[in-house]
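[1] Quick one: sequence and predicted model below, then my questions.
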Amino acid sequence: MNLDKQEKSLIRVLQAQGRISNVELAEQIGISESPCYRRVKALEEAGVITGYGAKVDRRKLGLQVTAFILVTVDSQDDQTLQDFFDAVATEEFIVECHAMAGAHDYLLKAVAKSMDHFSDLVMKRILKIPGVKNVESNFSLQVLKEGAPIPAD
């Protein structure tokens, strides 16, 4: 989708300030309120803007561990993959899942209350998913950059 300068500006502002009012947004972009509202709605309808949400400090919710789990499955057949996707989708402590190219099939980002909780997540849940052959875990020691805005240029 080709975006003009104003649409790119709208996206940049909304990524940083998702709760901004249409009046404030229009003022920051330098357009009137009605065209601003129509442009935002058009970006939503086109699927460029997919939603709005709050950024949450996981540690304040008691989730002290962040891990990146590399998963290898033993088969790429449709049923194995569907079972894997279904299990990942229903596991609330897995917050991201990416299909990968390379030595591993998937990269999961998981959060946990403690190392014991993480151990249970891996050993009693992830390794029990049909088709999971191997997992490797890497732990985040410090967040240096997270949830950065997507470049709109």
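    The structure has been received and is ready for your questions.
[2] my guess is E136 contacts I69, does it?
    Yes. In this structure, E136 is within contact of I69 by CB atoms under 8 Å, at 7.1 Å. C-beta coordinates here come from the backbone N, C-alpha and C atoms, glycine included.
[3] more crowded one of these two?
    I69 (21 against 11; other CB atoms under 10 Å).
[4] Show the contacting residues for the spatially most distant residue from the centre of the chain.
    In the chain, counting by CA atoms, centre = their mean, S32 sits farthest out from the average C-alpha position, at 32.6 Å. Counting by CB atoms under 8 Å, 6 or more residues apart in numbering, S32 makes contact with A26.
[5] what's the distance between it and P130?
    Relative to P130, S32 is positioned 56 Å away (CB to CB, to the nearest Å).
[6] tell me, what residue is most central in this structure?
    Closest to where the C-alpha atoms of the chain average out (CA atoms, centre = their mean) is E96, at 5.4 Å.
[7] sec struct for it, please.
    Secondary structure assignment for E96 (DSSP: H, G, I helix; E, B strand; the rest coil): strand.
[8] Show the contacting residues for it.
    Applying CB under 8 Å, 6+ apart, the residues near E96 are 107-109.
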